[in-house]
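1. build me a structure from this.
(2 chains)
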2 protein chains.
Amino acid sequence: MEEVRNNKQVIFKGFITGAPKESDMELKEGKIKDRVPSGSGGVLVKNLYLSCDPYMRGRMREYYNSYIPPFQPGSVIRGLGVSKVVDSNNPNFAVGDFVSGMTGWEEYTLIEDTEQLRKIQTKDIPLSYHVGLLGMSGFTAYAGFYEICCPKSGEYIFVSAASGAVGQLVGQLAKIHGCYVVGSAGSKQKVDLLKNKLGFDEAFNYKEESDLDLALKRYFPSGIDIYFDNVGGSMLDAALLNMRPHGRIAVCGMVSQHSVSNPDGIRNLYCLVMKQIRMQGFLQSTYLHLFPQFVDRMTDFYKQRKIIYIEDMNEGLESAPSAFVGLFTGKNVGKQVVCVSRE
Amino acid sequence: MEEVRNNKQVIFKGFITGAPKESDMELKEGKIKDRVPSGSGGVLVKNLYLSCDPYMRGRMREYYNSYIPPFQPGSVIRGLGVSKVVDSNNPNFAVGDFVSGMTGWEEYTLIEDTEQLRKIQTKDIPLSYHVGLLGMSGFTAYAGFYEICCPKSGEYIFVSAASGAVGQLVGQLAKIHGCYVVGSAGSKQKVDLLKNKLGFDEAFNYKEESDLDLALKRYFPSGIDIYFDNVGGSMLDAALLNMRPHGRIAVCGMVSQHSVSNPDGIRNLYCLVMKQIRMQGFLQSTYLHLFPQFVDRMTDFYKQRKIIYIEDMNEGLESAPSAFVGLFTGKNVGKQVVCVSRE
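-> Have a look, this model is predicted:
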């Protein structure tokens, strides 16, 4: 006999214009059938860890020309997560399997698009890391660093939002690659983490710098070869002034501009010509052919303790809205994850 | 016995901050010895055609961190030109040879750095074209189009300042390559030239458009694959909104920003991420290994009438300051050259 379960959910209330607020989402007590419809090919999962990512802000506005469609007002927020299969109508997934992929911000989700799900094979890596180190954040760092930055050993690399989900890995990959790495972040705690735990050569708190150009000149007296830009805005403008000839800028996200309807104007693009800079935006989805290689290498790096991963874990689905909102004020230290359940 | 010749010169008066004015330069009656010092390895040339190039504006400010040093106040303006050797202390150059390279804005110049001079071999191409079609402008178009834009047949390409020294060639190379080409320019005359003489598929007068974004949407309803940017500023901002996924922007010069101490802020760089755009500044000097190939191909195109070249020729060294100043107000139609003497 078919049963129905209680299912707590985080609902997207409606399109927004400025920075996301907790009140843009609401908690609801929903219901979900505890069996997958036969013939659907779907799976019913219990959500364990949910990933909070800045790109999700882009789905909160009514904009039909993006690479990803907007959320529907009144429906559950969707995002990447790690989940456990509790019922299956698909021969590729058995009850008890752990999967990562697109799911809902709720306790249980019926996933019909199983093509995008990845079955988690290894037990060597903490489960939650499959939305971070081995998930989209990690793969963004990997593809951006190797494919867009074209790094050479000995080069000078600057990473903004350096303790974030992507930045912390870019810096560590760059160190493994033999680069000199400086990161910026928004608190003393994060700067300490970069220098003392993540192995950055230097780090600074951008909020304590009255002139970002001078700050970069202090840390890069002979200039920057690679800027891995996670923020855009005034940091990008200052970096442009400090790039070396044939420098590369990987443009990844521009989190400082996400919530701004009238974004900062970048004034120093003339530097692109004089210094022959290549500036390139990218999405990790273009490089999926490298994903298996990425998983193997990252797993090896992790097991060899060449890479560590800092997570900021919020407990409980109820904490998801504040965790997400915190991304845009720099509240998170490391990759922001919400733990819905540990098993 | 050593003689001295009269030598009219255009002198750079001093560093400037805004747009160049004629009064930033002055005409002077100088003198020059009519023999090259023996043992110097130099050549004395009679200057025939002088090239007016926007990059020269960059040498008029006191800025020691550029790819090229500033002009010295009180000394003759230097630029590219076509000249005739009238005395030589160098076995590679004979009296009567025509050369192109860096010379002075004066009737006669003693050139000691002969390494940078190119002897003009062919008589098939008008002499003055050696500072345009076959000179730095032409090579900038060639290297920028093939090396930076990575064009594919059938792609949609937009060229700004399209009737200028570089733009007119980019458009014609793109047509030869099988692209769909639209150009922008600042007068009806230039637009007519683009459509009726230079073979652009479409062209528009940007001064008659109140909304550049809408103008580009009209000419590129399905977007732009390649933007060859000669101007920067608001046109770049509008182009960013209209790029297709994996679009490329070759950044060449930013003439609209040359004279501006507080350049326009570019607000739409977030498009780089969503559309995975590559934006790259370049200098032709990086690609000099391609120069011989360029000369051969351009000469062939020209002889086969696949490419034509529009020059704006001012007569007399006296006209050089106004010719140069006119570059920054869009006065020139085609490549701006000053004819000092025809032989």
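
2. contact residues of the stretch 101-250 of chain A facing chain B?
-> With the criterion set to Cβ under 8 Å from any Cβ of the partner chain, the stretch 101-250 of chain A comes near chain B through A:232, A:236, A:245. (Each C-beta comes from the backbone N, C-alpha and C, glycine too.)

3. state the distance from the nearest residue to the last one once chain neighbours are set aside to B:Thr299.
-> Leaving aside its sequence neighbours, A:Pro245 sits nearest to A:Lys275 (Cβ to Cβ, 6 or more residues apart in numbering or on different chains; 5.1 Å). A:Lys275 sits at a distance of 32 Å from B:Thr299 (criterion: Cβ to Cβ, to the nearest Å).

4. how about stretch A:202-216: buried residues?
-> Of the residues in stretch A:202-216, A:202-206, A:209, A:212-213, A:215-216 count as buried by neighbour count, 16 or more other Cβ atoms under 10 Å in any protein chain shown.

5. now stretch A:27-42
-> Result for stretch A:27-42 [16+ other Cβ under 10 Å]: buried residues A:30, A:32, A:36, A:41-42.

6. just checking, next helix/strand downstream of the host helix or strand of A:Phe228?
-> Per DSSP states H and E, A:Phe228 falls inside strand A:224-229. Counting by DSSP H and E, the next helix or strand C-terminal to strand A:224-229 is helix A:233-242.

7. who touches that following helix?
-> Helix A:233-242 is contacted from outside by A:158, A:160, A:184, A:206, A:212-213, A:215-217, A:220, A:223-224, A:227, A:229, A:249, A:254, A:256-257, A:263-264, A:266-269, A:271-272, A:277, B:269, using Cβ atoms under 8 Å, 6 or more residues apart in numbering or on different chains.

8. what do you get for stretch A:135-155?
-> For stretch A:135-155, the external contacting residues (Cβ under 8 Å, 6+ apart) are A:51, A:53, A:80, A:100, A:129, A:131-132, A:157, A:165-167, A:169-170, A:173-174, A:177-180, A:225-226, A:228, A:248, A:250, A:252, A:280, A:282, A:284, A:286-287, A:290-291, A:294, A:297-298, A:309, A:335.

9. in the stretch 1-150 of chain A, what residue comes closest to chain B?
-> Proximity of the stretch 1-150 of chain A to chain B (Cβ to the nearest Cβ) peaks at A:Tyr67, 5.6 Å away.

10. just the C-alpha atoms of the helix or strand containing A:Asp213, please, in CSV.
-> Per DSSP H and E: A:Asp213 is located in helix A:212-219. What follows is helix A:212-219, C-alpha atoms only, in CSV (Å, rounded to 0.1, in the frame of the first residue of the first chain):
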residue,chain,number,x,y,z
LEU,A,212,43.6,47.4,-3.6
ASP,A,213,46.1,48.4,-6.3
LEU,A,214,48.7,49.2,-3.6
ALA,A,215,47.9,46.0,-1.8
LEU,A,216,48.5,43.9,-4.9
LYS,A,217,51.7,45.8,-5.6
ARG,A,218,52.9,44.9,-2.1
TYR,A,219,52.3,41.2,-2.6
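
11. show me what that helix is packed against.
-> On a contact count with 3 or more Cβ pairs under 8 Å, 6 or more residues apart in numbering or on different chains; DSSP states H and E, helix A:212-219 meets strand A:202-205, helix A:233-242.

12. save those as a markdown table, and put in mean pLDDT too.
-> Output for those, formatted as a markdown table (pLDDT from 0 to 100):
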| stretch | mean pLDDT |
| --- | --- |
| strand A:202-205 | 98 |
| helix A:233-242 | 96 |
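
13. highest mean neighbour count out of the ones you listed?
-> Neighbour counts (mean count of other Cβ atoms under 10 Å in any protein chain shown) averaged over each of these peak at helix A:233-242, with a mean of 22.

14. circling back: which helices and strands does the strand holding A:Phe228 pack with?
-> strand A:156-159, helix A:167-176, helix A:233-242, strand A:243-251.

15. just the buried positions in that strand, please.
-> A:224-229.

16. stretch A:160-179 too?
-> By 16+ other Cβ under 10 Å, the buried positions in stretch A:160-179 come out as A:160-175, A:177, A:179.

17. ok, A:Ala174 - contacts?
-> Taking Cβ under 8 Å, 6+ apart as the contact definition, A:Ala174 lies against A:145, A:151, A:157, A:159, A:181, A:226.

18. need the max-distance pair from the residues you listed.
-> The largest separation in these, counting by Cβ to Cβ, is between A:Pro151 and A:Val159 at 11.8 Å.

19. same list (the helices and strands packed on strand A:224-229) but as JSON lines, adding distance to A:Lys188.
-> Formatted as JSON lines, the helices and strands packed on strand A:224-229 follow (distance: least, Cβ to Cβ, whole Å):
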{"stretch": "strand A:156-159", "distance to A:Lys188": "18"}
{"stretch": "helix A:167-176", "distance to A:Lys188": "16"}
{"stretch": "helix A:233-242", "distance to A:Lys188": "18"}
{"stretch": "strand A:243-251", "distance to A:Lys188": "27"}
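
20. on that earlier part again, partners of the strand holding A:Phe228 in the sheet?
-> strand A:156-159 (parallel), strand A:243-251 (parallel) (DSSP bridges).
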